[in-house]
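J.: Okay, sequence plus prediction incoming.
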Amino acid sequence: MTSLPKTTEKRLGLAIDLDTCVGCHACVTACKGWNTENYGAPLADADPYGAAPEGAFLNRIHSFEVTPEAGPAQLVHFPKSCLHCDDAPCVTVCPTGASYKRVEDGIVLVNESACIGCGLCAWACPYGAREMDPAEKVMKKCTLCVDRIYNEALPEEDRVPACVRTCPAGARHFGDFGDPDSTVSRLAAERGGIDLMPEQGTRPVNQYLPPRPRDAAPDLDVLSPFLAPVAEEPKGFLGWLDRTLDRL
């Protein structure tokens, strides 16, 4: 079995704003594109236009209608990918050492050449964040675009995960949670960032920023005078046209 480092030099991860995410799936598309064309083996799609399409994605969006105790119902779009947990059970359960957590930045990765496709890490992950590639038969997961964030050939603004760079709503933020002054740490502190399923004891690095409460629905009685018809029966030319059309 694989051991976890006691500490890491950084805790790189994502702060995801559930209040801002519009569920456009731009992050899903960007993730699929970047990780198919660059890092490791491509993310395969099996029979994509057939009766039983199957493919591997490192990031997915789930949408839920939530009814709070007060206020109107809300549609919450929930992005899901690897949370790069400090106490990652997917790492400790791996029999070959293919799954590992890096000391220098805390990113959890898979050595695809060592992965035997046993699926134990997928069973151990409580978030369903790992997927078996249908073509390669090895486990795939979010890498935080490790081949982008350290790539000095890219402009500095592009040295972030593809999902962060692409998000049109600015709902995804990347940084070091080990630095209390980083953007992600400040966002988590100001917005009350939450761990996903803390009862699992995995200590995820990624933080979700909860949706803000919505205003109450408007009182339609106030609008009723403006919604009443101007006249019960049209007059003049419109009245003549209305009666003519009724006879047709």
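T.: Perfect, I can see it now.
J.: for the spatially most central residue of the chain, what are its contacts?
T.: The centroid of the chain falls nearest to P79 when counting by C-alpha atoms, centre = their mean (2.2 Å). Residues near P79 by C-beta atoms under 8 Å, 6 or more residues apart in numbering: I16, C21, C27, N59, R60, I61, C163, A171, R172. (Each C-beta comes from the backbone N, C-alpha and C, glycine too.)
J.: after the helix or strand encompassing it, next one along is what?
T.: Element membership for P79, per DSSP states H and E: strand 74-80. Beyond strand 74-80 on the C-terminal side, the first helix or strand identified by DSSP H and E is helix 89-92.
J.: Now do that following helix, average pLDDT.
T.: Regarding helix 89-92, the rounded mean pLDDT is 96.
J.: now for it, which elements pack on it?
T.: strand 99-101, helix 120-124 (3 or more C-beta pairs under 8 Å, 6 or more residues apart in numbering; DSSP states H and E).
J.: Pick the most buried one from the ones you listed.
T.: Highest mean neighbour count of these: strand 99-101, a mean of 23 (counted as mean count of other C-beta atoms under 10 Å).
J.: which regions of the protein lie under the pLDDT threshold?
T.: By pLDDT under 70, the low-scoring segments of the chain are 1, 38-41, 215-232.
J.: same thing but at 50, please
T.: Counting by pLDDT under 50, the chain shows no low-confidence range.
J.: those strands in it, which residues are they?
T.: Using DSSP state E, the strands of the chain run over residues 12-17, 45-46, 54-55, 60-66, 74-80, 99-101, 108-110, 131-132, 139-140, 172-176, 207-209.
J.: Show me what the first one is packed up against.
T.: Packing partners of strand 12-17 (3+ C-beta pairs under 8 Å, 6+ apart): strand 172-176, helix 183-191, strand 207-209.
J.: now the angle from that strand to strand 172-176?
T.: Interaxial angle, strand 12-17 versus strand 172-176 (axes from the mean of the first three to the mean of the last three C-alpha atoms, to 10 degrees): 150 degrees.
J.: just the fifth one next, same as before
T.: What separates the directions of strand 74-80 and strand 172-176 is an angle of 40 degrees, with the same axes, to 10 degrees.
J.: If you count neighbours, what's buried in strand 74-80?
T.: Neighbour-count burial for strand 74-80, with 16 or more other C-beta atoms under 10 Å as criterion, is recorded at Q74, V76, H77, F78, P79, K80.
J.: Which members of those are the farthest-apart pair?
T.: Pairwise distances across these (C-beta to C-beta) peak at 18.1 Å, for the pair Q74 and K80.
J.: Give me the distance between the two termini of stretch 76-96.
T.: Stretch 76-96 has its terminal residues 38 Å apart, counting by C-alpha to C-alpha, to the nearest Å.
J.: now it, how far from the chain's geometric center?
T.: Distance, stretch centre to chain centre, for stretch 76-96: 14 Å (C-alpha atoms, centre = their mean, to the nearest Å).
J.: so who does A88 touch?
T.: Counting by C-beta under 8 Å, 6+ apart, A88 touches L4, S99, K101, V108, T202.
J.: and what of P126?
T.: Residues near P126 by C-beta under 8 Å, 6+ apart: P89, M197, Q200, T202.
J.: quick one: which of these is most hemmed in?
T.: In terms of neighbour count, T202 stands highest of these at 22 neighbours, by other C-beta atoms under 10 Å.
J.: Is that one in contact with T92, as I believe?
T.: No: judged on C-beta atoms under 8 Å, T202 makes no contact with T92 at a distance of 10.7 Å.
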